[in-house]
Every structure is written in C-alpha cells, then in structure tokens.
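# Build me a model:
(chains A and B)
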Protein chains: 2
Amino acid sequence: FLFNLMYGRYTQELGVYAKEEAARLRESGQRRSVSERSRALDLLEYDKGRCARCRICTVRCQKFLISRVGEDWIFLILLGLVMALVSWVMDFCIAICLQAQKWMYGGLDSNVLLQYLAWVTYPVVLITFSAGFTQILAPQAVGSGIPEMKTILRGVVLKEYLTFKTFVAKVIGLTCALGSGMPLGKEGPFVHVASLCAALLSKFMSLFGGIYENESRNIEMLAAACAVGVGCCFAAPIGGVLFSIEVTSTFFAVRNYWRGFFAATFSAFIFRVLAVWNRDEETITALFKTRFRLDFPFDLQELPAFAVIGIASGFGGALFVYLNRLIVQFMRKQKAINKFLMKKRLLYPALVTLLISTLTFPPGFGQFMAGKLTQSETLVTLLDNRTWAKQGIAEEFDYIGHSEAWKHPQVNVFVTLVLFIVMKFWMSALATTMPVPCGAFMPVFVIGAAFGRLVGESMAAWFPDGIHTDGTIYPIVPGGYAVVGAAALSGAVTHTVSTAVIVFELTGQISHILPVMIAVILANAVAQSLQPSLYDSIIRIKKLPYLPELGWGHHEKYNIRVEDIMVRDVRYITLNCCYRDLHNVLLTGNLKTLALVESAESMILLGSIERAQLQSLLSQQLGRPRRLEYIRERAAAEKKRLLVLSNTDNEDGNQRASHEVRFQISTEESSLTPTRPVPQKPLKPALKRTSVVERPTEIPTSKKDTLNYTHIQVSKQKTDEAVSKRKRRRFNRSGKSLSNDVEDDMTIREIAEWEEMQLDEQVNFNNCKIDPAPFQLVERTSLHKTHTIFSLLGLDHAYVTSIGRLIGVVSLKELRKAIEGSVTVKGVKVRPPLASFRDSGTSSSENEATELHKLWDRHRSMSLPREHTPSESDEKSQ
Amino acid sequence: FLFNLMYGRYTQELGVYAKEEAARLRESGQRRSVSERSRALDLLEYDKGRCARCRICTVRCQKFLISRVGEDWIFLILLGLVMALVSWVMDFCIAICLQAQKWMYGGLDSNVLLQYLAWVTYPVVLITFSAGFTQILAPQAVGSGIPEMKTILRGVVLKEYLTFKTFVAKVIGLTCALGSGMPLGKEGPFVHVASLCAALLSKFMSLFGGIYENESRNIEMLAAACAVGVGCCFAAPIGGVLFSIEVTSTFFAVRNYWRGFFAATFSAFIFRVLAVWNRDEETITALFKTRFRLDFPFDLQELPAFAVIGIASGFGGALFVYLNRLIVQFMRKQKAINKFLMKKRLLYPALVTLLISTLTFPPGFGQFMAGKLTQSETLVTLLDNRTWAKQGIAEEFDYIGHSEAWKHPQVNVFVTLVLFIVMKFWMSALATTMPVPCGAFMPVFVIGAAFGRLVGESMAAWFPDGIHTDGTIYPIVPGGYAVVGAAALSGAVTHTVSTAVIVFELTGQISHILPVMIAVILANAVAQSLQPSLYDSIIRIKKLPYLPELGWGHHEKYNIRVEDIMVRDVRYITLNCCYRDLHNVLLTGNLKTLALVESAESMILLGSIERAQLQSLLSQQLGRPRRLEYIRERAAAEKKRLLVLSNTDNEDGNQRASHEVRFQISTEESSLTPTRPVPQKPLKPALKRTSVVERPTEIPTSKKDTLNYTHIQVSKQKTDEAVSKRKRRRFNRSGKSLSNDVEDDMTIREIAEWEEMQLDEQVNFNNCKIDPAPFQLVERTSLHKTHTIFSLLGLDHAYVTSIGRLIGVVSLKELRKAIEGSVTVKGVKVRPPLASFRDSGTSSSENEATELHKLWDRHRSMSLPREHTPSESDEKSQ
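This is a model prediction of the structure:
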C-alpha cells in the first residue's frame, strides 16, 4: 500500500534552480580555484620572501571566510541589524506620535470640546493616512501578514507580497497606525516586514553572486526572517523562533533552527542595545520587566485559579476569532454599506477610529477604562508588582505612576477592569479589520493581562493574607495572574504554546512557568476545539491557497481515501497527440501541469508537462515566425522548381537536413540556456520510448519545413549579422531566429487554413521540459497520509495511479475541501462529502463526483485569484 | 528536473497499518454506532422518564469521553505521571545512596585508610552491580539512549530497545550508577526511559483496543516521550521539548508540538508537586533556583567576557566529544587489554570507578577540587549568588553551606576551580564510556558552570566594583557567568541551542537571556565546525543505521547527483517472468523490495514488490497444497476418463480447475484475515530469513525433506485429529487449507519434474501486493535534495528512473557513504568519491561505479548489523 510522490510546481522550479546553481557553482568553482592558484603562483614568483606567504595566507583566509562563513552569517547578521534598527526607529516614532497626542490633549485641558476634537481627530487622520498610503502604494501591506507568510512558506508564490513597495507601505503604514493609539499590534506585521527585508536583502546580495539565487535557501531565510520579526519586536529571541515556527510551519527542518536563533538573538540584542545607547535603559533587560518575588512565586493551591484563567481564555480566544470573522463577513455581506464604503475606501477606517477614540476619550467613557493609557503603559501597569485591591477595598491602594489611571473615585477597580476587558475586546476585534497594516497579538495580549489581573485581584481580595497556611504569609501577586492571562489569551487566539516563552522573555521572569504553561495548554485545548486560529481564519477569509491543518482528533481521516476525493476526469495529453488536442486540452481545466500518458487506451502515466510549456509549444507551432517560415519555404520551393530541376536528390537532402536539424537544436538550446546543463534531456525520454514518440525527429513529416528552415537560418546569419538586438531577443524568446526578408502576404483565410493544417500535425515534445516522475498516489491512500505528504513536500497536486495507469488527480483544492468537509469550523464532524459514493457502484458515482468537482472548480476559480490563470482566455483569442 | 518518491520499508508497513486501522475503525465504528443507537432506544422504551434521558446522556458522555478525550490525552497524562513518579523515586533513591556514602565516610573519620576504603568501595560496588545487572538483563540499556532514540525516530526498528526488560535494567542500572557519585548524568537515559515507558504504555493500552496499534502514532508518541524524559528530569518542560526536538528529529511536525508540551508540562508539574508534598520545598520552584538581582543583571561591557566563555566552551565541547571517542576507540584497538576486559566485563567499570573515586577522595586530592560535594551540591554552589573572590583575595569570602568545600586553606579558589575543571573534564569523558546506563549532559553542565564561575570570579577580581561607571555600583555576579558557561558547554557538546532554555528553567531566572544566547550560539558555531555532536559521535561509534546530517556549508552537495551514487544493476522482475526468474532473483540481492518492470527491454518501472511477497508466491507455487491439488486433479481426470469416456472435455475441466483454485484462494484470504488483508504476513520473516528453517515448504533443492515432511504431517493429522489447534494453525499459516482425502503418492522424481514444470509457468501476480508507485528519483537529483527527501519521508531506498525507465536504485547506504565521503569529520572537504566519473564517458564509468559499489556493499555489510541480511549468503549456500 504505497504511493509515489513528486514535487509540485514550486518545488520543481526549485529543483531547476538547484540544478542551475550546481552547474554554475561547479563552473565558477573551477574557474575560481584556477585563478586562485595562478594568483598565488604569481605572488610566489614575484617576491619570494615572507611577504608573499603572508599574502597567500591572506588570500586563503579571505577565501575561507567567504566560502565558509560568508554567506549565511553575513546575511543573517545584516537582517538582524536592519530589523533591529527598523523596530527601534519605529518604536521611537510611535512613541513620539503618542506623546504628541497626549501633549495636544493635555494642552487643551481648558475646553473639553476642543480636547475631544484633538483626541479624536489625531488618530482619525493618522489611520486614514495609513489606510490611504497603503492603498495607493501597496494594498498587499494591509493586515498582519502572518497568513500570507504562512502561505508563502508553504511554497505558494504570492505576487507582490515581497517587494520594496510593500516594505515601504508596511513600515510607514504600521508606524502611523500604531501611532494613532488604536488597539493594534506590531508583531504580525513585523513578521511580514522581516520577511520583506530578507527578500530584499537576498535580492541585493544576489547582485554579488553566490548562493543567493537558490530558492530553497530563500525559503529557509524567510523562515529565519519570521523569527527575527517576532524576536526584535518583543526582544524575545527564543519565543520569536518558536512562535514563528508554530505560526508559519507545518514541518520544520531542525537544521534551519540555528539560523532563526542566531538572527533573532542578534536582532534582539541590537534592539535592546539601541535602547541602552539611547539612555532609555541602564543595561539590557526585558521589555516589560516585572519584579515578582523569587522565593515564593505562587502557592500550589492557586493553581486552580490559573487553570480557570486558561480555560476562560480559551473560550475568549475562540470568541475573539469568531467576532473578528463575523465583523469581516458582516461588512462583506451588507452590500449597501459595502458599496458605499468601497467607493470611499478610507471611510471605514475613519469611522471605526472615530468610534473607538470617542469611547476611550479620558474625560468621557474612557475614565472608566483607563482610556488615557497607551497600550504599553497599560501593560506595564497590569503587570505591576503590587496588589491594587488590598484588603478587599479598592480605594486604599497606593497609586504610583500610571496605575492611577485605573482608579476612579466612584467606581471599584474591578468594574474598571471588567469594563476595560469588555470594551477592548470588541474594539480590538473591530480595529484589526481595518485596512491598515496591523496585528492583533498585542491587543489580545493586553486584554489577557487585564483578565488575569482581574482574577488576581479577586483572589487577593478573597485571600488577603495569601493561601499558604504554614508559617510565613505570602500575599497573592495579581501581577503573576496578569502574566498568565496574557500568555493564555494570546495563545488561544493564535493557537500557539510559545506565547508562554514570549511572556517570560517580555517580563524577564520565568518563576511562573508552570502556571503559565498549564494555562496556555488549557487555553489552546479549548480554543482549538472551537475555532481555527486567527491566522487560519484570515487565510480562509482571504481564500489564500493553504492547506488547513488536521484537527486534534483526526482519526476519522483514515476513513477517507484518495479515491473519494480525487477528480476522475484528468486532463491529459498523449504522446502521439496532435496540436489540436493540445489546443483543446489547454482550453479546459486549470491545473498548472498536465499529465502525459502513453496513449488514451493504456493510460500509462509517463510524466507531466507544465501548462506554460505546452502553451509555448502551441504558440511556436502557430506563431508568426513559423508562418513566415512557411511562406519562405513556399517561395523557395517555387524558386527551386523554376531554377534547378535536375539535381534534386531528395533522400540525400533529407538526411543532411535531419543532421543539421539535430545540430541546430542542440546549439540553439545551449545558446538559449547557458546555465542549464541538460540540453538533451527533453530529447532523451522521447527517444528512449515507444516508437510513436520519436516520429517528429525520425519520421520527418515536415521535412520541407525543416530543410528550408535551416537553410534560411544560415543565410540569415550570413546576410544581416548586425540586426537589432531587440528583435533578435524577441525572436529568440519565441524559440526561432527569423529573417525579415520575407513579407507576410498571406490572407486571413490562408492563415486560418495554414493554422488548421498546423494543428493537425503531431506534437513534437522534443523541446519540451517533461517532468519524468510526477508525484503519484494510489486510490487507497488515506486522507491523513495525503495531507502529510502534501504538507511535507509542499505539493500542489498529485496524480492517482493504479499500477502505472493514470486514474485521477488530487490537488490542494480537493484536499482542502475534503478536510474542511469532514471537520467543520464548529468542531461538529460531518461525513466526508463523497464518502457515500464508496458504498454504491463506481460508474455512476464517478460522474457525480466529477460533476460536483466541476461545480467546486467553478466556484473556486471565481474566488481564488491564484487558480484563475489568464492563459485560458489568451489562448482563446488566438 | 523532478523526481519521484516512495515511502521506504518502514513507512510502507506504516501504510499497511493505517489501512488496516481504517478498515477496522470503519467497521467497529459502524457497529458501535448501531449498537449505541439501539441501546439508547432500548432505554427510551423501558422507562420514558427523566431517568432514561439521564442515562442516555451518561452513555453519550461516556462515548464522547472515550472517543475524543480517550486516546491521546489519557496516554500523555499517564505517561507524564509515570515518568514523574519514576524520576522522583529515582532522585530519592540516588539521594539516599549518596547520603549513605557520606554517612559511611563521615562515620569512619578516625581512620583515613578505612575512610578511603569506604569511599572507594561503595561506588565500585554500585557501578559493578549496575554494569552486571544491565549486562545480564538487557545490554541495550547501556549508555545514554539518545542515539538509539534518534535512530528509532528516523524509522529504523532497533530490536529489543523498547522492551520491559530494558526498562527495568535502565531504571535500576541508572539509579545505582548515579547513586555511586560518579560524574554521570540522568538526562540522556531518561529520554530512553521515557520512550520505553511510552512504548510499554502503548502496548498496554492497545489491549483495550483503539488507535494504539497505529505505528505512525507510536512514533509521534515516542517523540513526545523524549520531551517528557528531559522535562521531568530537569523540571524543564519547554527546554525538554526543544532539546528533544533538536536532539532526535530532523524534520519536526509542528502538529505534534502540543503533545510534547502537554506531556512534559504535566510531568514536570507532577515531579515538582511531589517535592512539595514531600516537604522538600515550600512551593513549586525551579530545581536549582538562583537569586541574582533583577534590576541590573549584567553590564553591556561584560558581554565580551560572555562571548569568550561561549567560544572557549565551543572548543571545550569539541574536545570532550573527541576525548570520549578517543577513549572508546583506544579501548577497542588495544586487543590485549580488550580481550582481558571482555572476559571480565565488569573489570573495566570497576577500574574506572576506582581511579575516579580515588582521585576525588576528600582528604586526598579531592580537597583541591571540592571532591566531597555531590554533583547537584556542586551545581548549587557554582550558581551561588555571592562572589567568592571578593576584592581579589580568595580567603575573605563568606563561607556558607557547601560553598566551603571550594575553599582550601593553602590554595586559591581559582586553583581549586581550574583543578576541578581539568580533572572533571577527563573524568566525565572516561566515566561516560563505562557500560552502565548513563548520560553525559549533567557532568558537562557542571563543568561548564565551573568554567563560567572561573571566568566570573576572575572578572569580579579584576573589577571589584563592577564595570558600570555612572552612578550606582553594580558588582559583578559570578553566578551569572556560571549559568552562561553551563549552557554554553552543554550546548557545544550536544550541538543544541535549547540548553539555554533548560538553563533558564533550571535556575528559574531568565535575566541573563542575551548573554546565554550569545554564548550558546558561539559555542555551537565553534563546536559544530570541529566535531559531530556527542550523540552523532556515538551513533558513528556504534554504527547505528542513521543518515548523517548535512554540514552547515553544504553547498557542494549540489554538485553530487544521484547518478553518481546510485547502484546501476538493480534487481528487478518483469511482468511476464516465470517462477524460475523469480527464484533466481530471490537468490541474489539483499534489498527489502524488488522492482517490477514491464519487460527487460522497455524497463518501465511498474512498481515494487516486497521480497516476502515474492517468496510466498514462490512457495505457493511449489508448496505441497498445490501439489496435492495437482494430484487430486490428476486423479479426477483419471476417474473421469475411466467412468465417462464420451464427455471428457479436457479444456473445460482445466478451466474449472483453475477456477476452483482461484476461488479457493480468494475465500481463504477473506476467511483468514478479517482485519489484515495480507495473510502471508506471518510467513514473511521466516521465509525471508535463513532458508534452512523453511526449506521444506519452500525451495525444491531438498525435495526429499519436503516429501517426508509433508507425508509425516499428513499421517499425523490423520491419526490424531483432535490434537490441536496449535498445529492446525501452523497449517493455516502456510497459506493453504488442506483436504486430506488425497494421498501424496508422488515419487521424488515426479516431484522434481512437477516442480520444474511449475517453475516454468508464468508468474501470476494477482494475489501479490504490488506497491504501484514506488519512490522514484531522477538521475540529476542533487545529493542535497535526496538527503532532504530521505529524511523527510524516512525512506529506505528509492528507484532512479528516466521517464519511467528504471536505471538504478539508491538506498540509505549509498547516501550515507556519499555524505560521509564528501564531508569528513574534521571539516575538511574532499571531492565526492564518484564525481570524477561524471566527466568521463558513461559506459565505462557505469561498470566502475558498480564495482566500487559492490566493494562498499561488502564492506558495509560487514560492519552494519542492519544491512547484513542473512538472505544473501544463505541463499547462496543452497
């Protein structure tokens, strides 16, 4: 019971890259070593003293450094440095923005209305600017970016997501958005920013050559960059690495672990050193340092309270994700509102900002929810060492610094906390739907901290002298509860465990490790069984091409087989098909690759060909160059017939021609692809195979064409050697070099006729890159295993075969559908949509399945930009 | 440029398991749901009150609990609980052992000689007992177990490594070994113990049915168990998970992450709660709690010192690994010594223990290296908050508790530390080579801490008032240096970064995060470029079947292609081959599976068949049942001929016969295997193995035996029919249900003739399980990618094809050779052994390559137990 695998589209390209890379390296390596040696010899000859040896040594050291240490280290250090700088500068700007708002608000304390206007206008302007700027420069910069990074690391190429424009839009947009004081986070976008930075650095460094062109390496570097993003945002290298792994990867290569650690540590280090140099801090410490007592952090009997926090956070996290999705879907469904908002794209963020900032206006409702504190100030106060509700009476506690904001003369501190939690909850869920670069991690973190604080204060009020009974009195530390709550809620929303580590690194204390771990695990258990993670939810909303995870209880996945979900009418081409078949096949279906089978009867799968390859084959066959060829040939034949009638030895000419052709093909290829060392490769399979394949080369159905074609090529090369580069390039691209001495005098009708003729010719696969071993599964492969393989290898699709015979195809789409069908969002499990067909007969069910799939396909192709390739329409227009 | 994959042997089996599992689940699920529903209905009918509803509710809850929570949660909780108990009890016993030694040593303070005898005898006895006990009960329990777990998680089945015997031997052996006070660790063995525990629990729970038979799940559970092992050893859940991932995995499935976290957290929690319940601790805290100041943990200018610790630790770690290997290899090479020690297997550990305990004898040399402290006491003193060398004068510091041991009236504390480091270094390297269950992590950790302390004390002596210049005086904290040193050295030896996390969890403080991270990364960078990790080193020494990792600078891997390393003369069978070919093919080669090609001319790969399947095919064809069939058929024909001469249509009879045969086989299959669709499976090992056992049934060289054997069996069955299910089962196992109405009256010669006839028949593959899509690569797949795929999918071998044509095969063996050939241990890179053939012609090089490979194969099969399947030599001997 076995199956067969192939790397999908992306990995294919990757393979090509690796191959080219290898060839390049081999070549340059030889060249380099030769030049190195000669240089060394030169040096030795010139001055044979000690100096020469020194120089040789230096050269060798340099070489060693470049070859061994060079690439990755330098890249990661640069990445860490740049990201730390970006993070620090951004923090600095955000702080200034927030201070400016406070200053304005404070300066106008004579008039409440003016104060209100200042308080409200400032964020509205900033958010509107952020939304507008992002919209204009790069709409891809909107949102957190983690879902996109997850998709990209899965192997899908998302256009425009890793460009310089996006980088600028994201950085500036994010600074403005966070400077407005809305409940938005920096973490998610920072993952994106770091990836952008890595991609740009990669591009930049590939200018100097080296291994920067290798795509598999780029993926590794992107993974490291995600770690850097989290690491330098929170100065949490370990948590950053773990969080990025949990959030973006399905299978993680441990050998890339050190990259993430190295870069994230360096980045966090620089980030904190900048703070020291700026005299913000005395030395390198945690970002939100806590000072809980070390000797007795918590009592064993407090653990149930921590567990309660965990479970409640789990429900809260699920609710948050649900609320966030609800808002997005509501906004989409309400067409009237939607139309209006679409027209004025900036209106929605402005309105949301207005609402939120109105509610937090400190003299207004904000006084009941510590509205005047910024996010980080709030967090600092929540993690505070002291108990606010000492002795059960809220009024007595000693207000120091910002903690004062939580106190209200009339209202209990518990009420303030509850109000804060409730208001911030929906505000955050709402704010993160705005079309600005923003994340939800930090707001959720703060809400979690507030919830933890609430529980902690309640506990402190309940047990004023602590729970511990024997001997010393250890009062309860509500700050510890806040830490636990923060980790639990953020863990529940993101479905990660590593928020625990982030919390330790953020606070600089690990004493609450067990409560935090317990709460985070419980929160995850609850949240994961209720809702997808926030990032997966966004992936679904945005309909990004990503494979959902299998749930925790994925045992019924063994019941679904590939045969239940596969598409049975595969688009395929046969070895001996003609161009017309090719044309027809290209018009239908939308997969990136097409199966190549031996014949329609045997259906033995020989390989797969990329759609683009086929399209270029077709366009070569029908293109203008070939038509001109034809005209020229016709003219030549005319001429020949007229001039020399006697010495036509057809057979001899044929032979010569075929020789020429072969030679020409190989040279042409090598000139076209200097980096690809396999010119004969596409030829080989065809030659090796059944005789049908080889017809194009060996049975010259179009002898005339070839003959004339080569003839003209030579003449052309002789006559106009110095024709324009542009044209030649264009011609080269189409695979033929043309002489422009023939005029296109065919009428439309003639062209149509000619094209019909051309379409009836057999396809010549010689110049076509065939994937000789596409990924295969068998009918009885379980869904669980299919999922594993698809995730492991980053597949796009796989063929289903039965002893070599192609019987179906499974793509990401089918797999996703099957998984989502069996595990719905609510945790209620339904039967897989096609499982019922297994019991009934096969012939009828096949059709039904196909029909259903067609429906899905249609539906999908509407919504997914990726599936909708423009090629189809282009071909039609030809 | 693409390739094609197949799961190797282990994963194949896994696939079979999954399938069976699915079938079973489906069946039982349907059955259960039906019975469930009927039971619910029954209840409703009987008493239609509130009570019935309650009961239904209860039933449903129960069902829910069993189905959803049942499996993983319960398993992980049980695992965590058991391991925590084991860990705690073991710690308790070790503490008692150590106390007993101290007590004996303290009680005899009147006589130094007696004291010495007591001091030395005690550990010698314990270690000897440990070594002997382990040797007798389960020699697999020797050593750390992490290398073996790494190999097992890679998919290799190591026999006897996960049995109850090994568990007992490991636990008791480890307790004695650690109780002796030798510099040995608990961590590595605990990984093994936890895995053993998981395997046993799995077996135990599979008694209750459910998913515990699924092998892929078992691997996941083993991975979680490794995390539990580290987690409950150090009470470090996060570090445990990360360490176990780094040490045992190559590619890690993030979806299994939570298992590790959950189990490790629970285990660590219970482990620490036990300490609280035992009144050892007031509440749950870290194992080696430190009390460094929080506000200013270290100055920025101290970072170079931390970096120095990191780099030095890197060299030290590499040296440790080298030393350890050197000792092992020295002991192996010295044949004279070796012989002597082999005879008295317990002499070596006894001698080593004698040497080490003599040197640590407190009144003797031990006084200069704090010899009287146990390992954990040493660690506590080294992580001490206070500075020992205050004001640069060692004598002045305030001795409290165990720290006194470091003070010597004549000798400086620096000298004590240096002596400690040097002595413990070689002692630990030596002690870990003893054949007892032991790890090296903890000793290395302590040495690292001592080294850090040394640097810290030096810094404190150098800068008595701290480095920080403006304002407050912050004295240097040497304990922080000790933390950094411990993490760095243990990280260097194990090549992991997660020792940093372990250190934080062990000390309960995370304030030194940046120094620790920097030191660990530097140490890793140095150590990884000099030596393999300790575990990889042991894997090499023990010659375990494991794929080595690609080095850091693995760019030249792109230069090696599969075509350079593949074996070109693949054993294959063709679709239309006869049984004779099958027989011949089975006699040669040693791969687990054989390729099935369309024909020898086309060489189109259709699939692969397990060797065992072919053997059962062959034995079916030649077996006695078939022969009896033949006799019966012959008799029937005879009868028919005699009775009715008119209507004998020979062809019709033939047809019917063949129909009957087919029918019989199919029913037999269904009756024999309600759960397993491969009835021949139990046959497999016996057939695969030494043919001597099964020769009678199988291969016709010894026909006499067969005859007699079967004859006797039949007579026995006739005589004592009631004997026994046991024997009948044996018959059934051989795949045929016998009718005993025909007597085997063929002569030997007839049988030989019949068998020759049978061998010339075409093979009927109908009842043979063919893997329809074996894993394929193409010639130009790079070594790097091949390595990735093999590690990702846990492959054993892969076929190399060129557009469907089989041209070679690559197995783990070739891959390992290629990697080790290109990256030697010392970091010096040589050219891949076969790369030179690429430049020359193909036809000659192929042969050479094959020859070379044969040489390798021979060499390998000598050294690697796993590769050495007896089939080849045994088959030849026939």
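# so who does residue A:269 touch?
Shown in contact with residue A:269 (Cβ atoms under 8 Å, 6 or more residues apart in numbering or on different chains): A:80, A:84, A:284, B:514, B:517-518. For every residue, glycine as well, the C-beta is placed using N, CA and C.
# can you tell me the helix or strand for it?
helix A:257-277 (DSSP states H and E).
# how about that helix: buried residues?
A:257-275 (16 or more other Cβ atoms under 10 Å in any protein chain shown).
# about what we covered before: most neighbours out of the contacts of residue A:269, which is it?
residue A:80 (29 neighbours; other Cβ atoms under 10 Å in any protein chain shown).
# what pLDDT does it get?
The model reports residue A:80 with a pLDDT of 92.
# Need the contact partners of stretch A:324-340.
A:341, A:347-348, A:429-430, A:432-433, A:440, A:534, A:537, A:541.
# buried ones in it?
A:324-325, A:327-328.
# how about the nearest residue to residue A:272, chain neighbours excluded?
Closest residue to residue A:272 apart from its sequence neighbours, by Cβ to Cβ, 6 or more residues apart in numbering or on different chains: residue A:284 at 4.5 Å.
# Sorry, slip of the keys, the one I care about is residue A:370.
Nearest one to residue A:370, counting by Cβ to Cβ, 6+ apart, is residue A:405 at 4.2 Å.
# cool, residue A:788 as well?
Sequence neighbours aside, residue B:253 is the residue nearest to residue A:788 in space, at 7.9 Å (criterion: Cβ to Cβ, 6+ apart).
# Give me the buried positions along stretch A:799-814.
By neighbour count on 16+ other Cβ under 10 Å, the buried set for stretch A:799-814 is A:799-804, A:806-814.
# Repeat that for stretch A:560-570.
Using 16+ other Cβ under 10 Å as the test for burial, stretch A:560-570 gives A:560-568, A:570.
# Out of these, which one has the lowest pLDDT?
Lowest pLDDT among these: residue A:560, 73.
# The residue nearest to residue A:788 contacts residue A:251, doesn't it?
Yes: applying Cβ atoms under 8 Å, one finds residue B:253 in contact with residue A:251, separated by 5.5 Å.
# mind listing what residue A:573 touches?
A:581-582, A:585, A:594-597, A:609, A:614, A:763.
# Ranking by neighbours, what's the top pick from the residues you listed?
Result: residue A:596 is most packed of the contacts of residue A:573 (other Cβ under 10 Å), 26 neighbours.
# what's near enough to touch it?
Contacts for residue A:596 (Cβ under 8 Å, 6+ apart) come out as A:572-575, A:605-609, A:765, A:770.
# mind checking which helix or strand residue A:809 is in?
strand A:805-811.
# need the strands for the stretch 401-550 of chain A, in chain order.
Using DSSP state E, counting those that start in this stretch, no strands are found in the stretch 401-550 of chain A.
# can you give me the helices in it?
Secondary structure of the stretch 401-550 of chain A (DSSP state H, counting those that start in this stretch): helices located at A:413-431, A:441-462, A:478-494, A:499-507, A:513-530, A:534-542.
# Which one of those helices lies nearest to chain B?
Ranking the helices of the stretch 401-550 of chain A by proximity to chain B (Cβ to the nearest Cβ) places helix A:513-530 first, at 4.3 Å.
# Can you list the buried residues in that closest one?
A:513-528, A:530.
# Show me what from the stretch 251-400 of chain A comes close to chain B.
A:251-255, A:257-258, A:261-262, A:265, A:268-269, A:272-273, A:276, A:282-286, A:289, A:291, A:294-300 (Cβ under 8 Å from any Cβ of the partner chain).
# The residue of the stretch 301-450 of chain A found nearest chain B: what's it in contact with?
Here the residue of the stretch 301-450 of chain A nearest chain B is residue A:303; by Cβ to the nearest Cβ that distance is 8.5 Å. With contact taken as Cβ under 8 Å, 6+ apart, residue A:303 is in contact with A:514-515, A:518.
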